[in-house]
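Peer 1: Following is a predicted model, sequence given first.
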Amino acid sequence: MTNPLKKFRSSGNTWFAVFVLAVVLVPMLGLFAAMLRGDAVARWGQVNDVILDRIAVTLILAVSVTVIALLLALPFALALHRARFPGRSLLRILYVVPLLIPPHIQGIAWMRIIGKQGLITKWVMDTWGYEVNVRAGIFEVEGAPIFFPGATWMLVAAFWPLCALIISAGLARLDPRAEESALFIPERQVAQPRWKRSLGDILRGRWFLCLFPRSHRQSVGGVLLPMLKPHVWAGVFFVFIFAAGCYPIPALLDTPTIMIDIFFAASQVDSASAGVVAAPLVLITVLALLWVTISSRGQVFQSRSTPVKHPNSLMPKNWALGLFAWGLVLITSFVPFYALLEKAGGLDTYRTIWKNVEDDIHNSFVLALGGAVVVAAGGLGVALLASRMGRKRGFMVEVLALLPFAFPAVVVGVAMNRFWGGFANATFLPSFFRGWVDHFIYQRSGIYFLCYLTLFLPFAVRCVAAALKLVDPRQVEAGLLVQRSPWNRFCGIILPVLGPGVMAAFLLGFVLSLGELGAGLVVQPPDSSTVQIRIFNMIHFARDEEVAALCVMIVAITLLPTLMYSLLFNRKVEVL
């Protein structure tokens, strides 16, 4: 099928997309370029043994989260696409709920379960007399713990659906003919008892094969899993960088990761020092992004074709996989939400907390709407540019749009503060321009919008790129013959056919902007705050009931737009 937008030419769209990429990437490059100016030796001297130890703890934490998330996400994705059980269609929507809930709210919810006064903690104490310390670490090296089970589990519960989402996208588009052929090949005779082969699969991390019928184990283990490798590696990459770059959960549990030191350097020292502390982690994540992109040959990140319908022969009835999938979603989504509901109590708590935070909720709602508009517009412009530049150059544009994934939210906040603060204080610039930047961006809500654009542009680009694959090229080409004005072509032809994708980008931009915390803590202007910052500050001095009630309110506000989108368009958000 030919590219429907290949004949669409618009210099305005090209310059807009270039401007968006520049606004996103130049502050990041400027932050790390500042490390080489001034007293660079003194700054790099801050990378001492303590910082290296924090980086090691961060990597151990991120790798542990990645391995556990993969062991959960891979069988879950197989359950959605290679098994039949009651409620499978509903489960396709419910499993993304943890991705829509901010990590710090999930951390607060799990503290009500396994924290000092948590439900499970009390039960363990009353039953066995053992005190569970969710903040404690184990496996000490030179007197310092290197592994933190509490933080590991909270990060797994927050990010495992991301890995499942990417693997599911691959499963939905694989050609089923190779798997069908494997079903007719007799199973290889092995001179080992069945229990030994099952034990071997478990030891190799393929424990889920034991849940498949014997007739399907060869097709799944020998054919399907090798074809899924690019998507598995992509899912591993995303979970790794999100876990390594997460600030709220380690801050909540006092876990000594490098993100704590980056935030401290940004707030107590200067932005260049924060860039030096963040440089090793960012270098690792950038190299990981490039490695995944090159090794997969663009199979994961490029725009994909529509999903393939798979025959029922590849989807046997499997109650065991269904029970596992439902149990995983219930444990990671509904149990924490129930803990918040139970702690919040009656309606009086909600009325009280609403009066106290009404202004913050209104401000967050306005910021999220503005952020959604900026993110959707930027994603539309970049996706259109990539679609018109051919396969190779378009792929390079999409890779540039993916680079913000390598920068944690706190680092993005530091870079934006430094870049736009430098504009506001640059004496060589005209005074009216410095005043405009200071009034509308650096000291006002504009800096929030720029952070949202940087953090969430990759999601918006993928939403629009997925919608482009559903466009009928004949319809677009016919419209291009009628409309001569580039603006009329865009508004009358391109935008309507990309409506669902743009709406999905807007929805993701709104939900993710509403839950953003890391960058907001760094760039927070004097007279502006968000409800997420309010929640994070309330943890230390407010009543637990009020914090829980506010978290329940935010979860409800976050999930409502997703439900409305699903009902309005009768589809879920496609990002891959």
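Peer 2: Right, received. Where do you want to start? Numbering: from 1, shown residues only.
Peer 1: Which pLDDT value belongs to residue 503?
Peer 2: In this model, residue 503 is scored at 85, pLDDT.
Peer 1: Distance-wise, check it relative to residue 438.
Peer 2: Separation of residue 503 from residue 438 (C-beta to C-beta, to the nearest Å): 34 Å. Bear in mind the C-beta positions are built from the backbone N, C-alpha and C, glycine included.
Peer 1: other SSEs contacting the longest helix belonging to the chain?
Peer 2: As assigned by DSSP state H, the longest helix anywhere in the chain is helix 347-388. Helix 347-388 is packed against helix 11-33, helix 390-402, helix 446-468, helix 499-515, helix 531-538, helix 544-569, with contacts defined by 3 or more C-beta pairs under 8 Å, 6 or more residues apart in numbering; DSSP states H and E.
Peer 1: again, only this time at 10 Å
Peer 2: Judged by 3 or more C-beta pairs under 10 Å, 6 or more residues apart in numbering; DSSP states H and E, the packing partners of helix 347-388 are helix 11-33, helix 335-344, helix 390-402, helix 446-468, helix 499-515, helix 531-538, helix 544-569.
Peer 1: So which of those helices is nearest residue 63?
Peer 2: helix 390-402 (21.4 Å; C-beta to C-beta).
Peer 1: Only alpha carbons, please: show that closest one as CSV.
Peer 2: The C-alpha trace of helix 390-402 is given here as CSV (Å, rounded to 0.1, in the frame of the first residue of the first chain):
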residue,chain,number,x,y,z
GLY,A,390,10.3,7.9,3.2
ARG,A,391,11.2,4.8,5.1
LYS,A,392,14.7,5.5,6.2
ARG,A,393,14.6,9.2,6.9
GLY,A,394,11.1,8.9,8.4
PHE,A,395,12.5,6.3,10.8
MET,A,396,15.3,8.7,11.8
VAL,A,397,12.7,11.3,12.6
GLU,A,398,10.8,8.9,14.8
VAL,A,399,14.0,7.9,16.5
LEU,A,400,14.7,11.6,17.3
ALA,A,401,11.2,11.8,18.7
LEU,A,402,11.9,8.7,20.9
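Peer 1: Stretch 415-435: which residues count as buried?
Peer 2: Neighbour-count burial for stretch 415-435 flags 415, 416, 417, 418, 419, 420, 421, 422, 424, 434 (criterion: 16 or more other C-beta atoms under 10 Å).
Peer 1: Find the least confident helix or strand in the protein, judged by mean pLDDT.
Peer 2: Sorting the helices and strands of the chain by mean pLDDT, DSSP states H and E puts helix 194-203 at the bottom, at a mean of 53.
Peer 1: Among the buried residues of stretch 415-435, which has the minimum pLDDT value?
Peer 2: residue 424 (66).
Peer 1: distance between the ends of stretch 433-444?
Peer 2: Stretch 433-444 has an end-to-end distance of 15 Å (C-alpha to C-alpha, to the nearest Å).
Peer 1: And that stretch, how far out from the chain middle?
Peer 2: The chain centre lies 30 Å from the centre of stretch 433-444; the measure is C-alpha atoms, centre = their mean, to the nearest Å.
Peer 1: May I see the buried residues of it?
Peer 2: Buried residues in stretch 433-444 (16+ other C-beta under 10 Å): 434, 437, 438, 441, 442, 443, 444.
Peer 1: Rebuild those as TSV, extending it with secondary structure and distance to residue 124.
Peer 2: Converted to TSV, the buried residues of stretch 433-444 look like this (DSSP: H, G, I helix; E, B strand; the rest coil; distance: C-beta to C-beta, whole Å):
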residue	secondary structure	distance to residue 124
434	helix	59
437	helix	55
438	helix	54
441	helix	50
442	helix	50
443	coil	49
444	coil	49
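Peer 1: for those, which one is nearest residue 450?
Peer 2: residue 441 (7.1 Å).
Peer 1: Turn the helices and strands packed on helix 347-388 into TSV, columns for mean neighbour count and distance to residue 136.
Peer 2: Shown next, in TSV, are the helices and strands packed on helix 347-388 (neighbours: other C-beta atoms under 10 Å; distance: least, C-beta to C-beta, whole Å):
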stretch	mean neighbour count	distance to residue 136
helix 11-33	17	35
helix 335-344	20	21
helix 390-402	17	37
helix 446-468	25	32
helix 499-515	24	28
helix 531-538	21	22
helix 544-569	18	21
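Peer 1: For residue 258, find the nearest of those helices.
Peer 2: Among these, helix 11-33 comes nearest to residue 258, with 15.4 Å by C-beta to C-beta.
Peer 1: Report the angle between the closest one and helix 390-402.
Peer 2: 50 degrees (axes from the mean of the first three to the mean of the last three C-alpha atoms, to 10 degrees).
Peer 1: Give me the packing partners of helix 11-33, helices and strands only.
Peer 2: By 3+ C-beta pairs under 10 Å, 6+ apart, helix 11-33 packs against helix 271-295, helix 347-388, helix 390-402, helix 409-425, helix 446-468, helix 486-489.
Peer 1: Following the chain onward from the first one, which element is next?
Peer 2: It stands for helix 271-295. helix 319-329 (DSSP states H and E).
Peer 1: Pull the residues that contact that following helix.
Peer 2: With contact meaning C-beta atoms under 10 Å, 6 or more residues apart in numbering, helix 319-329 is reached by 72-73, 75-80, 82-88, 90-91, 94-98, 157, 160-161, 164, 208, 210-213, 318, 335.
Peer 1: hmm, which of the residues you listed are the buried ones?
Peer 2: 72-73, 75-80, 82-83, 85, 88, 91, 94-98, 157, 160-161, 164, 208, 211-212, 318, 335.
Peer 1: quick one: which of the residues you listed sit in strands?
Peer 2: In strands, judged by DSSP state E, none of the buried ones among the contacts of helix 319-329 are found.
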